[in-house]
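Trainee: my questions concern the predicted model and sequence given below.
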Amino acid sequence: MLVTQSCIVADPPQYRDALRTRPLLDTYKALPPTQQVLVVHTDDPNAVKVSVPVRSEDAGEYLAGRLFLDYQVQPGPGTAGELLLRPFRIPPSTYDDSSRSADALWTPRPLTSPGCHILTLIVAHESTFIGADQNRLDPAKAGDDAAIINWWVNVDPTTDLIHTLVNCPVSGGMSSQ
């Protein structure tokens, strides 16, 4: 009887390039919390800091962040909203990296009208923004790549209206009091 020993060596695994994924904003850990209305006063020199943990598989591409006041997904003539600060970049990483966050500081200006506003943070890969207008998302790409989070903001409320939002945007573009 003849016995031989051998071992089977499997082929090495085939590695593929990483596939980019939509950024995931952790709204549960967002600061300030999204379920509370932010009360801001334009004469207060302190900035409002927003910070939201973000995870994504970037395949080497930077994430880009934009902070808007009264952002409109389908704007009419004019602007998509007031861009509040310079666009910022988040270095590329992998999905298992839980140390990244989208951080922005907003100092309300006296030109901001009193009442109800929506503060919007958009995070997407840089190529998802329109090349010539880096403040607008490419509609063909945004559905698969953009992450958006909102906060309600009460700007310069009088003491009797500090807990009341006035002139909030509603569906159809009309506001109510």
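Mentor: Here it is on my side, so go on.
Trainee: contacting residues for residue 100?
Mentor: By Cβ atoms under 8 Å, 6 or more residues apart in numbering, residue 100 lies in contact with 53, 54, 55, 90, 91, 93. Glycine gets a C-beta too; all of them are placed from N, C-alpha and C.
Trainee: now residue 50
Mentor: Contacts for residue 50 (Cβ under 8 Å, 6+ apart) come out as 30, 31, 32, 67, 102, 103, 104, 105, 106, 119, 121, 151.
Trainee: the closest residue to residue 100 other than its chain neighbours bridge partners, please.
Mentor: Of all residues not flanking residue 100 in the chain, residue 54 sits nearest, at 5.3 Å (Cβ to Cβ, 6 or more residues apart in numbering). Taking DSSP bridges as the rule, residue 54 bridges to residue 25.
Trainee: distance of residue 54 from residue 170?
Mentor: As judged by Cβ to Cβ, to the nearest Å, residue 54 and residue 170 stand 30 Å apart.
Trainee: more neighbours, these two?
Mentor: residue 54 (23 against 9; other Cβ atoms under 10 Å).
Trainee: how far away is that one from residue 28?
Mentor: Per Cβ to Cβ, residue 54 is found 13 Å from residue 28.
Trainee: residue 35 now?
Mentor: For residue 35, the distance to residue 28 - Cβ to Cβ - is 10 Å.
Trainee: same thing with residue 115?
Mentor: 28 Å.
Trainee: cool, residue 164 as well?
Mentor: Distance of residue 164 to residue 28, computed by Cβ to Cβ: 27 Å.
Trainee: ok, now residue 134?
Mentor: 29 Å.
Trainee: just residue 9 next, same as before
Mentor: Distance of residue 9 to residue 28, computed by Cβ to Cβ: 46 Å.
Trainee: okay, residue 112: pLDDT?
Mentor: In the predicted model, residue 112 carries a pLDDT score of 78.
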